[in-house]
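Asks: From the sequence below, what's the structure:
(4 chains)
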2 protein chains.
Amino acid sequence: MDPFPAAVAVDLVILTVRRSALHALVVERGVPPFRGWDALPGGFVRPDEDLLTAARRELAEETGVGEGDLYLEQLGTYGAPDRDPRQRVISVAHLAMAADLPEPVAGSDAAAARWSPMAELVDGRLAFDHADILADGVERARAKLEYTTLATEFCPDPFTIAELRSVYEAVWGTELDPGNFHRKVLASEGFVEEAGESTTRGGGRPARLYRAGPGRAVHPPLAR
Amino acid sequence: MDPFPAAVAVDLVILTVRRSALHALVVERGVPPFRGWDALPGGFVRPDEDLLTAARRELAEETGVGEGDLYLEQLGTYGAPDRDPRQRVISVAHLAMAADLPEPVAGSDAAAARWSPMAELVDGRLAFDHADILADGVERARAKLEYTTLATEFCPDPFTIAELRSVYEAVWGTELDPGNFHRKVLASEGFVEEAGESTTRGGGRPARLYRAGPGRAVHPPLAR
DNA sequence: ATAATAGTGTCTCTTAGACAATATTTC
DNA sequence: GAAATATTGTCTAAGAGACACTATTAT
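Replies: Reported below is the predicted structural model:
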């Protein structure tokens, strides 16, 4: 069986936590199909480009964020024959997570890019099969928080344990016991390390500041 | 940026446990490039085919296994620009697991297909980037055994707890305490259900037979 | 002082894991 | 009976989660 030609794209689920709520980056499409609809940012892979490289490039174009500053991994590939009405497009979706980013810069194809709270996207219409991709990305992020130290990617550079906890609460949509959470994070080798002084961003007693530690896995895992 | 055309393939990591050892299906390539090398089974996606459908079709062609009888999930997508010397090929790898299957049927492109013990593949040369794909597939399988009931897919229809344990031991490459394993499997809701009588395939006291239960997750997870 | 949040202590219950004990076969 | 494996029991240590308590700031 001979191969047939298809276009290869990367799409991005870019998650951040703003004001204690999970947000995803969406762009409003300026061209058909789905003109005027929201969609995930993305674009076509170039002939000489690796998939992850293409995802990093699109990420930089859409968010203005420098390379290497945020977490990026392959999420999954979506290739239903009719997912794009123009031609067969295979989309390799990627998942990115970052601390509260500046307002995004619209890319070439996008009329506007903005952070949208997940709550507005649950039943909001997204172009193509992007609602499926977004749901898969959020579920992946939720699962990864359990057994990896990824949540630190959502935090500002020095952060407090309470800020880290609010990331978990935003992504999981649950409330966590402050005391138990505090102890478990400090007990997990390499999750965080002290970053000097303390601050009082909240109302009460000043909290110590931490940085992301070298550990990648949380032992034992945090329960959702 | 306009898209450029690429070929889309599915490759398969098909794992099984034979004689207490993890095996993967490999085919010997009958055509260049990499003629005479071992490779993962796979082929090009057809114009009207979903990715998972293509993987199922290839799986049936290579193993002669009927649809629906085994576990299949998307593993990841490999698209380095030079991974295939002929042209740009994006390969969507899939992971399949099944009970001890019959000797495979060679597909059209394959001179020969056979089960190869993982031990022989660790440093064995595989065509393209298939060694990476295989390694990723095995790692995914190892991780999934911890928190899913997937191991039952490797077992014959009615199976004993010891047979299930030997799957874990083969995939993880560790020894597990028979007593503790027994208790944890039975404690996990919906993991297995009794299937009537007992058998004595081993030497000692006959073991009860079980079937895969309706549960998909193992609570609490089994430690590696 | 009061409110608010940070961080620590304590208690109970569950689970993991090591390992012993018992059960039921074959040789 | 001896050997082998299945299944159950017991004990200890560690972790989860609920919740009380102390610490440190602002108002």
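Asks: Please make it C-alpha for all contacts and neighbour counts, starting now.
Replies: Noted.
Asks: Can you name the residues that contact the closest residue to DNA strand D within chain A?
Replies: DNA strand D sits closest to residue A:205 of chain A, with a gap of 3.2 Å, by CA to the nearest atom of the strand. By CA atoms under 8 Å, 6 or more residues apart in numbering or on different chains, the contact list for residue A:205 is empty.
Asks: Could you do residue A:176 as well?
Replies: Contact partners of residue A:176, counting by CA under 8 Å, 6+ apart, are A:165, A:169.
Asks: Quick check: which element contains it?
Replies: Using DSSP states H and E, residue A:176 sits within no helix or strand.
Asks: can you give me phi and psi for it?
Replies: Here is the backbone geometry of residue A:176 (degrees, to the nearest 10): phi -120, psi 150.
Asks: neighbours of residue A:87, just the number please.
Replies: For residue A:87, the count of nearby residues is 12 (other CA atoms under 10 Å in any protein chain shown).
Asks: same question, residue A:223
Replies: When neighbours are counted by other CA under 10 Å, residue A:223 comes out with 10.
Asks: how about the residue nearest to it when sequence neighbours are not counted, secondary structure?
Replies: Nearest residue to residue A:223 in three dimensions, chain neighbours excluded: residue A:146, at 6.3 Å (CA to CA, 6 or more residues apart in numbering or on different chains). Using DSSP: H, G, I helix; E, B strand; the rest coil, the structure places residue A:146 in helix.
Asks: Please apply the same query to the one 10 residues further on.
Replies: What three-state DSSP gives for residue A:156 is coil.
Asks: That one contacts residue A:70, correct?
Replies: No. Counting by CA atoms under 8 Å, residue A:156 stays clear of residue A:70, with 11.6 Å between them.
Asks: Pairing partners for the worst-scoring helix or strand of chain A on mean pLDDT, with directions?
Replies: When each helix and strand of chain A is scored by mean pLDDT, DSSP states H and E, strand A:110-117 comes last, with a mean of 80. Here strand A:110-117 is paired, per DSSP bridges, with strand A:21-29 (antiparallel).
Asks: ok, residues contacting the very next helix or strand once past the strand it pairs with?
Replies: As assigned by DSSP H and E, the chain's next helix or strand after strand A:21-29 is strand A:38-39. Residues outside strand A:38-39 that contact it (CA under 8 Å, 6+ apart) are A:26, A:27, A:28, A:29, A:125, A:126, A:127, A:128, A:130.
Asks: now, among the residues you listed, which is nearest to residue B:4?
Replies: residue A:128 (20.1 Å; CA to CA).
Asks: Surely that closest one is in a strand?
Replies: No. Residue A:128 sits outside any strand when classified using three-state DSSP, being coil.
Asks: Hmm, it is touching residue A:82, no?
Replies: No. The pair residue A:128 / residue A:82 is not scored as a contact, 9.3 Å apart, by CA under 8 Å.
Asks: quick one on the thing from earlier: now the helix or strand that the least confident helix or strand of chain A is followed by: buried residues?
Replies: Heading C-terminal from strand A:110-117, the first helix or strand you meet, by DSSP H and E, is helix A:118-121. Neighbour-count burial for helix A:118-121 flags A:118, A:121 (criterion: 16 or more other CA atoms under 10 Å in any protein chain shown).
Asks: So in that sheet, which strands flank the helix or strand harbouring residue A:43, and in what orientation?
Replies: Residue A:43 is part of strand A:42-44 when elements are defined by DSSP H and E. Strand A:42-44 has its sheet partners listed here by DSSP bridges as strand A:5-18 (antiparallel).
Asks: Now find how far off-centre the partner strand is within its chain.
Replies: Strand A:5-18 sits 10 Å away from the centroid of its parent chain (CA atoms, centre = their mean, to the nearest Å).
Asks: now that strand: mean pLDDT?
Replies: Averaging pLDDT along strand A:5-18 yields 95.
Asks: again with stretch A:141-161
Replies: Stretch A:141-161 comes out at a mean pLDDT of 94.
Asks: what sits up against that stretch?
Replies: A:16-17, A:70-71, A:97-100, A:163-164, A:167-168, A:171-172, A:182, A:185, A:191, A:195, A:207-212, A:215-224.
Asks: And DNA strand D, is it touching that?
Replies: No. Judged by CA under 7 Å from any atom of the strand, stretch A:141-161 stays clear of DNA strand D, getting no closer than 10.2 Å.
Asks: Is that stretch in proximity to DNA strand C?
Replies: Yes. Against DNA strand C, stretch A:141-161 shows contacts by CA under 7 Å from any atom of the strand at A:160, A:161.
Asks: how far is that stretch from where the chain is centred?
Replies: On the basis of CA atoms, centre = their mean, stretch A:141-161 sits 11 Å off its chain's mean C-alpha point.
Asks: For residue A:132, what are phi and psi?
Replies: According to degrees, to the nearest 10, residue A:132 has phi -60, psi -40.
Asks: Likewise for residue A:186?
Replies: Dihedral angles for residue A:186 - degrees, to the nearest 10 - are phi -70, psi -30.
Asks: Could you report the pLDDT at it?
Replies: Taking residue A:186 on its own, its pLDDT is 96.
Asks: Roughly how far does the residue nearest to residue A:223 sit from residue A:213?
Replies: Distance, residue A:146 to residue A:213, using CA to CA, to the nearest Å: 16 Å.
Asks: next one: residue A:206
Replies: Per CA to CA, residue A:206 is found 21 Å from residue A:213.
Asks: and what of residue A:183?
Replies: Distance from residue A:183 to residue A:213, by CA to CA: 16 Å.
Asks: what do you get for residue A:185?
Replies: Residue A:185 sits 11 Å away from residue A:213, going by CA to CA.
Asks: quick revisit: of the contacts of strand A:38-39, just the buried ones, PyMOL syntax please.
Replies: Burial among these is assessed by 16+ other CA under 10 Å; the matching PyMOL selection reads:
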select buried, chain A and resi 26+27+28+29+126+127+128+130
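Asks: can you put the contacts of strand A:38-39 in a markdown table and add pLDDT and distance to residue B:52?
Replies: Shown next, in a markdown table, are the contacts of strand A:38-39 (pLDDT from 0 to 100; distance: CA to CA, whole Å):
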| residue | pLDDT | distance to residue B:52 |
| --- | --- | --- |
| A:26 | 93 | 27 |
| A:27 | 91 | 29 |
| A:28 | 91 | 30 |
| A:29 | 90 | 29 |
| A:125 | 87 | 25 |
| A:126 | 95 | 23 |
| A:127 | 92 | 22 |
| A:128 | 93 | 18 |
| A:130 | 97 | 18 |
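Asks: Pull out the buried positions in stretch A:28-35.
Replies: Buried-residue list, stretch A:28-35, by 16+ other CA under 10 Å: A:28, A:29, A:30.
Asks: before we move on, what about stretch A:49-64?
Replies: For stretch A:49-64, by 16+ other CA under 10 Å, it's A:50-64.
Asks: Between the residues you listed, which sits nearest DNA strand C?
Replies: residue A:63 (29.4 Å).
Asks: Dump the helix or strand harbouring residue A:97 to CSV, keeping only the CA atoms.
Replies: Here residue A:97, judged by DSSP H and E, is contained in strand A:89-98. Extracted in CSV, the C-alpha atoms of strand A:89-98 (Å, rounded to 0.1, in the frame of the first residue of the first chain):
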residue,chain,number,x,y,z
VAL,A,89,-4.6,16.9,8.6
ILE,A,90,-2.8,14.9,11.3
SER,A,91,-2.5,17.0,14.4
VAL,A,92,0.1,16.2,17.0
ALA,A,93,-1.2,17.9,20.1
HIS,A,94,1.2,19.1,22.8
LEU,A,95,0.6,20.1,26.4
ALA,A,96,2.3,23.2,27.9
MET,A,97,2.1,24.6,31.4
ALA,A,98,3.4,27.8,32.7
